[in-house]
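# Predicted model follows, preceded by the sequence.
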Amino acid sequence: MKRIGILTAGGDTPALNATIYGAAQRANALKVEVVGLIRGYAALLNPQTPHVLLNPLYSAIPELDPCKGGTLLGSSRTYIEPECAESRDAVTRSLKGLQLDGLICIGGDGTINGMQPLTEILPCVLAPKTIDNDLGLNYLGEPEEWSAAAPNAPDSAAVHRSGRQTIRLEDMVNYATPGYATAVFVVAQMVERLRTTAESHHRIAVVEVMGRQSGYIALGAAYAQPDLILIPEVPVNSEQLTQQVSRIYDRQQNVVIVVGEGVRDAQGNELGATSPSFDPAGNIRYSGAADAVTQMLKQSLSPELFAETRRFEPDSSPLFSRKVGHTQRGGRPILFDRYTATQLGGKAVDLLTTGSNNEVATLQYSEATGFEVSSIAANKLRDRNGEIRPREVHPSFFDADRLHLSQLGIQYLRPIFSRSVGADDVEYIRREVFDDGCLTSSYQSITTDIRKRIRRL
Ligand code: F6P
């Protein structure tokens, strides 16, 4: 193998550059050229196929910085329609023109689906990324447990009944995806900071975090000690929530609730998707789970609860909601993500050079040996209908009565976060954020720098 391609698709994450860097470093050692495709699969549909050589003379270009968030290649949610002959022809032409012997796609479930038709043209492997931490399995064979959504119902209405009451952490396929740890790092700080206002002003803060149908980011927010966590996997029971919020407010006169954006009611309706819109991969765009929970509580909480704390306050609501939003997807990746992402990038190169096709590099954990990289056939992630479902928080990780992390949930998070932040992750704030130079120079975008290196067919 002499020349491979690499692309980043789907939503950005902080560790994409680190994955590309890991791939480039491994390729340098093996004397393989790495060609980066600009803006994901969109590059392959473009007759000019914009691309950049990432390791001329087997040395990574200086713009490829593993500590910088996002992707120097750019990303898009453009996917290749397997049924569309025109797209297939365009892609085949681009791949031949670039003279690639293999392709690494960095992404999540949508990216695997985009990669599938390409595996018939050249060997392709996936290096995983997603802040949602939903690319993987709680155990092998889990996709078999999904039953399809009823005809005409949205795909997100498909039903999963876990066949196992509890799981072994060693059995998880792809324990954590690059990007997840940094997202939790941002979310935990925001939740902690919102507690200050809730506490000082005796309010109830409802904080929405990303993750789509999967509650892993909400779960990780437990590090900031919110009082309650709502995850999409456990339907919101208004009565239970009202009782718990009332009890906590009565005791401490402030409450912090973390809400995963995909939370549902008992009927399975997604509270944050009242007028659903979809992205090009068919994923629902959520718009207001925290607002919906806030509204629910405004109606159900007794005004008596606030009689003392709000007595001389102007007529304002004691409840407020905030979204962490895209800040949880941006900025410098923390140590855990940088380390695992570079390892997975390197593993993806090894998979290609040892003859794999349609394979996914994974991060495995065992108490005895810690983290190591491995791989799984992409098709093992598919259910009986060929769908790749988002990995859900396993029921044994969550205490649905307390609306909080269970003991096993704590054990799950520990290996990721016990050493996830490096000294340089903290030092960088002191050194770079308030550097005087930031005041005197304007922002130098990586997009401008990389444009000078872009070649076209
Ligand atoms: O999948 C990653 C993710 O950040 C989700 O958590 C979120 O729902 C979605 O992407 C947001 O996508 P966009 O940036 O297209 O609004």
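Yes, it's here.
# The closest residue to the ligand within the stretch 351-457 of the chain: how many residues sit nearby?
Among all residues of the stretch 351-457 of the chain, residue 390 sits closest to the ligand, at 9.0 Å; criterion: Cβ to the nearest ligand atom. All C-beta atoms are positioned from the backbone trio N, CA, C, and that covers glycine. Residue 390 has 22 neighbours, counted by other Cβ atoms under 10 Å.
# what about it, which SS state?
coil (DSSP: H, G, I helix; E, B strand; the rest coil).
# Identify the residues contacting it.
With contact set as Cβ atoms under 8 Å, 6 or more residues apart in numbering, residue 390 has these partners: 109, 132, 134-135, 212-214.
# 6 Å instead?
Each residue near residue 390 by Cβ atoms under 6 Å, 6 or more residues apart in numbering is listed here: 134, 213-214.
# What of residue 409?
With contact set as Cβ under 6 Å, 6+ apart, residue 409 has these partners: 397-398.
# check which helix or strand covers it.
Element membership for residue 409 (DSSP states H and E) is helix 407-417.
# buried set for that helix?
408-409, 412-413, 415-417 (16 or more other Cβ atoms under 10 Å).
# What parts of the chain come near the ligand?
11, 130-132, 210-212, 261, 279, 285-286, 329 (Cβ under 6 Å from any ligand atom).
# Where is pLDDT lowest across those?
pLDDT is lowest at residue 279 among these; the value there is 69.
# Residue 134 belongs to a helix, doesn't it?
No: going by three-state DSSP, the assignment for residue 134 is coil, not a helix.
# so who does the residue of the stretch 101-250 of the chain found nearest the ligand touch?
The stretch 101-250 of the chain approaches the ligand most closely through residue 210 (3.1 Å), counting by Cβ to the nearest ligand atom. Residue 210 makes contact with 217, 261, 328 under the criterion Cβ under 6 Å, 6+ apart.
# Run a quick neighbour tally on the last one.
By other Cβ under 10 Å, 26 other residues sit near residue 328.
# what do you get for the first one?
Using other Cβ under 10 Å, residue 217 is surrounded by 28 other residues.
# C-terminal to the helix or strand that contains it, which secondary structure element comes first?
For residue 217, the host element (DSSP H and E) is helix 216-220. Downstream of helix 216-220, the next assigned helix or strand under DSSP H and E is strand 228-230.
# can you list contacts of the helix holding residue 217?
Outside helix 216-220, the residues that touch it by Cβ under 6 Å, 6+ apart are 133, 183-184, 209-211, 229, 231, 258, 260, 393.
# before we move on, back to that, using CSV, write out every CA atom in the helix holding residue 409.
C-alpha atoms of helix 407-417 as CSV (Å, rounded to 0.1, in the frame of the first residue of the first chain):
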residue,chain,number,x,y,z
GLN,A,407,-22.8,2.1,40.8
LEU,A,408,-21.9,0.5,37.5
GLY,A,409,-22.3,3.8,35.8
ILE,A,410,-19.7,5.2,38.2
GLN,A,411,-17.4,2.3,37.3
TYR,A,412,-17.9,3.0,33.6
LEU,A,413,-16.9,6.6,33.8
ARG,A,414,-13.9,6.2,36.1
PRO,A,415,-11.4,4.7,33.7
ILE,A,416,-12.1,7.5,31.2
PHE,A,417,-12.0,10.5,33.5
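# possible to save the buried residues of helix 407-417 as CSV with pLDDT and distance to residue 314?
Shown next, in CSV, are the buried residues of helix 407-417 (pLDDT from 0 to 100; distance: Cβ to Cβ, whole Å):
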residue, pLDDT, distance to residue 314
408, 98, 46
409, 98, 40
412, 98, 44
413, 98, 41
415, 98, 48
416, 98, 44
417, 98, 41
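# Which of the residues you listed sits closest to residue 271?
Nearest to residue 271 among the buried residues of helix 407-417: residue 409, at 22.2 Å, using Cβ to Cβ.
# Strands along the stretch 1-150 of the chain, start to end?
With strands called from DSSP state E, counting those that start in this stretch, the stretch 1-150 of the chain shows them at 3-8, 33-37, 51-53, 102-107, 124-128, 146-147.
# so where is this structure shaky, pLDDT-wise?
152-156, 274-277, 279-281 (pLDDT under 70).
# Could you pull up the residues touching the residue nearest to the spatial centre of it?
In the chain, the C-alpha nearest the mean C-alpha coordinate belongs to residue 131, at 1.8 Å (Cα atoms, centre = their mean). Applying Cβ under 6 Å, 6+ apart to residue 131 gives the contacts 13, 179-180, 183, 329.
# if you set the cut-off to 10 Å instead, what comes out?
Shown in contact with residue 131 (Cβ atoms under 10 Å, 6 or more residues apart in numbering): 11-15, 108, 177-184, 186-187, 209-211, 216-217, 328-330, 337.
# likewise residue 255?
Contact analysis of residue 255 by Cβ under 10 Å, 6+ apart lists 195, 198-199, 202-206, 226-228, 244-249, 297, 318-319.
# Can you tell me which of these are buried?
Neighbour-count burial (16+ other Cβ under 10 Å) applied to these gives 195, 198, 202-206, 226-228, 244-246, 248-249, 297, 318-319.
# From those residues, which land in strands?
Mapping those onto strands (DSSP state E) picks out 204-206, 228, 319.
# which pair in these spans the largest distance?
It's 228 and 319 that sit farthest apart of those, by Cβ to Cβ, at 13.3 Å.
# what's the overlap in contacts for these two?
Residues touching both residue 228 and residue 319 by Cβ under 10 Å, 6+ apart: 206, 245, 255, 257, 293.
# Generate JSON lines for those residues, with distance to residue 34 as supplementary columns.
Formatted as JSON lines, those follow (distance: Cβ to Cβ, whole Å):
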{"residue": "206", "distance to residue 34": "45"}
{"residue": "245", "distance to residue 34": "52"}
{"residue": "255", "distance to residue 34": "50"}
{"residue": "257", "distance to residue 34": "45"}
{"residue": "293", "distance to residue 34": "45"}
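# What is the most widely separated pair among those?
Maximum pairwise distance in the shared contacts of residue 228 and residue 319, criterion Cβ to Cβ, is 11.6 Å, between 255 and 293.
# Find residues that contact each of those two.
Contacts common to residue 255 and residue 293, judged by Cβ under 10 Å, 6+ apart, are 206, 228, 245, 319.
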